[in-house]
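[1] Prediction below, plus the sequence it came from.
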Amino acid sequence: MIDVPQVITIASTDASGGAGINADLKTFHNQGVYAATIVVGITAQNTYGVQDQHPIPANFILEEFKSIADDLDIKAAKTGALLDETRVHAVAQGWQAYNLGKLIIDPVMVAKGGAHLLSDPAIEALKNELIPLAFLITPNLPEAEVLVGNSLETNSDIINAAIKIQKMGADNVLIKGGHRASTNNEYADYILYEDGSSEWLTTPGIKTNRTHGTGDTLSSFITANLAKGYNLKSIMPQAKEFTYEAIRQTINVGHGHGPLNHWVKVTMETEDNQ
Ligand SMILES: Nc1ncnc2c1ncn2[C@@H]1O[C@H](COP(=O)(O)OP(=O)(O)O)[C@@H](O)[C@H]1O
Ligand SMILES: Cc1ncc(COP(=O)(O)OP(=O)(O)O)c(N)n1
């Protein structure tokens, strides 16, 4: 028998396959980990936008938690679109009953097409119930602005926001910069680690609207490699590179915000990184 690291995504599906649970599973498979799912919601969605969404009943979400915890040996979990306050509460309850390793929270609020994937009351529940459980939280710029309650214009605004979010209880905070290219067309993400150190991770910007599922892809890559035992600092450069290559080597699917290429090859280098 071959031992394989096991991970789970606790999120919603995307009918068109580019974001949400679908992007998570493709990234997990690419990185060679075994992936399970706790489905929180389903969306009728394509590369133009989200046409409809449907939450899974809270008691069923808790049954999914129990099924997984009774059988699998999950080392890391990531959350995605949780839709509303009831679902956030169910996930927090499930997590407290059946801890599934390191928790990575992708606080998905609004899809690129503009659809809301987290209601306003759910944002407070996310802050109070889920963020304190997080090993890592990965807001994009608009999500970080909502969490801290002010706009983030400068690098020092971003640094201060990360400190504020860390004080809400997340061990590590990654603020993704995909919604704003710098003046020299770079996309910079800022990460504040639990030991107080921090870094900017930068790549050239790719001029494209084919970025459906970028955030999911980045956070799933991190989740997979945490489950393999790598430490967060050693994962981050490759996570950024994987996402960059998955955008750059674009595939011809859909007519709007196209999905990424989850076949690209970027792997962690050696066991010495662990
Ligand atoms: N056009 C682009 N060129 C290069 N990197 C990008 C581009 N768009 C997004 N990224 C990167 O993709 C990752 C996800 O970022 P972002 O788009 O902000 O997340 P989300 O999908 O959650 O909104 C980040 O590492 C960001 O820097
Ligand atoms: C079901 C579902 N979950 C998450 C998202 C958002 O994914 P994200 O990686 O933030 O990328 P965009 O959709 O914003 O491009 C989603 N759309 N659907």
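    Nice, thanks for sending it over. Ligands and ions are numbered 1, 2, ... in the order given.
[2] Any idea how far apart the tips of stretch 101-109 sit?
    24 Å (C-alpha to C-alpha, to the nearest Å).
[3] To clarify, my last question referred to stretch 146-153.
    13 Å.
[4] Would you check that K240 makes contact with D189?
    Yes - applying C-beta atoms under 8 Å as the test, K240 and D189 come out as touching, 6.5 Å apart. For every residue, glycine as well, the C-beta is placed using N, CA and C.
[5] any common contacting residues for these two?
    Residues within reach of K240 and of D189 at once, by C-beta atoms under 8 Å, 6 or more residues apart in numbering, are L201.
[6] in what helix or strand does the residue nearest to S12 when sequence neighbours are not counted lie?
    Computed as C-beta to C-beta, 6 or more residues apart in numbering, the closest residue to S12 that is not its neighbour in sequence is G41, at 3.7 Å. Using DSSP states H and E, G41 falls within strand 34-46.
[7] Any residue of that strand touching ligand 2?
    Yes - residues of strand 34-46 contacting ligand 2 under C-beta under 6 Å from any ligand atom: T43, Q45.
[8] Looking at the residue nearest to S12 now. What's its pLDDT?
    On pLDDT, G41 comes in at 98.
[9] How about L192: what's its closest non-neighbour residue?
    Spatial nearest neighbour of L192, excluding adjacent residues (C-beta to C-beta, 6+ apart): A162 at 4.0 Å.
[10] Could you check how sure the model is about the helix or strand containing that neighbour, as an average pLDDT?
    Per DSSP H and E, A162 falls inside helix 155-167. The average pLDDT within helix 155-167 is 98.
[11] do the same with stretch 203-218
    96.
[12] buried ones in that stretch?
    For stretch 203-218, the neighbour count (16 or more other C-beta atoms under 10 Å) marks T203, G205, R210, T211, H212, G213, T214, G215, D216, T217, L218 as buried.
[13] would you turn those into CSV with distance to L136 and secondary structure?
    Formatted as CSV, the buried residues of stretch 203-218 follow (distance: C-beta to C-beta, whole Å; DSSP: H, G, I helix; E, B strand; the rest coil):
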residue, distance to L136, secondary structure
T203, 20, strand
G205, 24, coil
R210, 26, coil
T211, 21, coil
H212, 22, strand
G213, 18, coil
T214, 17, helix
G215, 13, helix
D216, 14, helix
T217, 15, helix
L218, 11, helix
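[14] contacts for the biggest helix by length in the chain?
    Secondary structure of the chain per DSSP state H: the longest helix is helix 232-248. With contact meaning C-beta under 8 Å, 6+ apart, helix 232-248 is reached by 27, 136, 172, 174, 189, 191, 193, 197, 199, 201, 203-204, 206, 208, 210-211, 214, 217-218, 221-222, 225-226, 260-262, 264, 266-269, 273-274.
[15] Is there any residue in it that contacts ligand 2?
    No - using C-beta under 6 Å from any ligand atom, helix 232-248 never reaches ligand 2; the gap is at least 9.7 Å.
[16] is that helix anywhere near ligand 1?
    Yes - judged by C-beta under 6 Å from any ligand atom, helix 232-248 and ligand 1 are in contact via K240, T243, Y244, I247.
[17] so how far is ligand 2 from G254?
    Distance, G254 to ligand 2, using C-beta to the nearest ligand atom, to the nearest Å: 11 Å.
[18] heads up, I number from 10, so please use that
    Taking 10 as the first residue, the last one we looked at is G263.
[19] Around ligand 1, pick out the residues from the stretch 10-159 of the chain.
    For the stretch 10-159 of the chain, the residues in contact with ligand 1 (C-beta under 6 Å from any ligand atom) are N149.
[20] Quick one: name the residues of the stretch 10-159 of the chain near ligand 2.
    Residues of the stretch 10-159 of the chain lying close to ligand 2 by C-beta under 6 Å from any ligand atom are 20-23, 28-29, 52, 54, 89-90, 117, 120-121, 126.
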